[in-house]
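A.B. asks: Model the following, please.
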Amino acid sequence: MLSQLRDLDLQLLRLFVTVVECGGFSAAQGELGIGQSTISTQMAKLETRLGFRLCERGKGGFRLTPKGEQVLSATRKLFSAIDTFKDEAQGMADKLLGELRIGLSEGLAANVLEQVADAIGRFRGRNQAVQIELLTAMPAELERRLLQDQLHLAIGYFSGNQAALDYQPLFRERQVLFCAASHPLFKHAHISLADLQQADRVHHPYRFVQAREPFQSAASTAQTEQVDGTLAFILSGRHIGYLPEHIAAPWLASGRLRALQADALSFEVQFHLASHRGQHPSDAQQAFSEDLLQAFATADR
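C.D. replies: Coordinates of the predicted model:
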């Protein structure tokens, strides 16, 4: 009885189908390239494996038994399934599959989002069927999700001190110190460092390493990690604080904000593409990372 299907069984079944399609042992010799006695021996092996006769052969000619007819039908279905599997497997070999979960920092500039969109377009142009999920979160949350394998990639301004994460530079964002129109400093013709030291500044507990900020002040009763929170504090007229230029631009244009010693006190924040160093990246993740880095490299030219 045929309890397991082996490579030899497949060879014997192919021989069987060829014999049937050719109309007998003698006619199949040329197709198979072997003698009639060898064909007969191989057919006998197959019948022994199956436990029953497949065909009648002799002076009356070649004809299938009822069980032989059923085996022929089942064999053709089997080979059709094998061909389908081979085609699908070949397609999968060249196709990116799976899913990608990508985290983005809040408040990204329009041109940065354009580069992310460019990367998505490049990736979608590949041979792929990948489910992509985008989410926005604070830098600390993005790093936490990367460490817990809830994200594959993240774009943000990170501390850079997570040994388990790999950081690749993407772009820089300029930060400028601002006050609002209702703040006492707004109408001062000349603002000294002493004036700024007396102002209540918005404090960022995670967002920047303090040493990066050219302006340091001990006076701070406002704290937030979020750009929107910083903007709200500044617009209150009671605080000064750093904002990305693109966030402040419309408020600056309308006269609601004023830059404070922009040349001397502005600075840049490096944004990175972060991933988990200890996790082997999928083909899809590697491909998207390449497309993302290429999109930003192209934008810098």
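A.B. asks: who's in contact with the residue nearest the centre of the chain?
C.D. replies: Centroid-nearest residue in the chain: Leu100, 3.4 Å away (criterion: C-alpha atoms, centre = their mean). Shown in contact with Leu100 (C-beta atoms under 8 Å, 6 or more residues apart in numbering): Val130, Gln131, Ile132, Glu133, His152, Leu153, Ala284, Gln285, Phe288. All C-beta atoms are positioned from the backbone trio N, CA, C, and that covers glycine.
A.B. asks: Give me the buried positions along the host helix or strand of it.
C.D. replies: Using DSSP states H and E, Leu100 falls within strand 96-105. For strand 96-105, a neighbour-count test (16 or more other C-beta atoms under 10 Å) marks Leu96, Leu100, Arg101, Ile102, Gly103, Leu104, Ser105 as buried.
A.B. asks: Same list (those) but as TSV, adding distance to Leu46.
C.D. replies: Output for the buried residues of strand 96-105, formatted as TSV (distance: C-beta to C-beta, whole Å):
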residue	distance to Leu46
Leu96	42
Leu100	49
Arg101	51
Ile102	54
Gly103	58
Leu104	61
Ser105	66
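A.B. asks: Dump the residues you listed to a markdown table, plus distance to Cys55 and pLDDT.
C.D. replies: As requested, those are exported to a markdown table (distance: C-beta to C-beta, whole Å; pLDDT from 0 to 100):
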| residue | distance to Cys55 | pLDDT |
| --- | --- | --- |
| Leu96 | 48 | 93 |
| Leu100 | 55 | 97 |
| Arg101 | 58 | 97 |
| Ile102 | 61 | 97 |
| Gly103 | 65 | 97 |
| Leu104 | 67 | 97 |
| Ser105 | 72 | 93 |
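A.B. asks: what secondary structure does the residue nearest to Leu46 when sequence neighbours are not counted sit in?
C.D. replies: With C-beta to C-beta, 6 or more residues apart in numbering as the criterion, Leu46 has its nearest non-adjacent residue at 4.0 Å, and that residue is Leu12. The assignment at Leu12 comes out as helix when based on DSSP: H, G, I helix; E, B strand; the rest coil.
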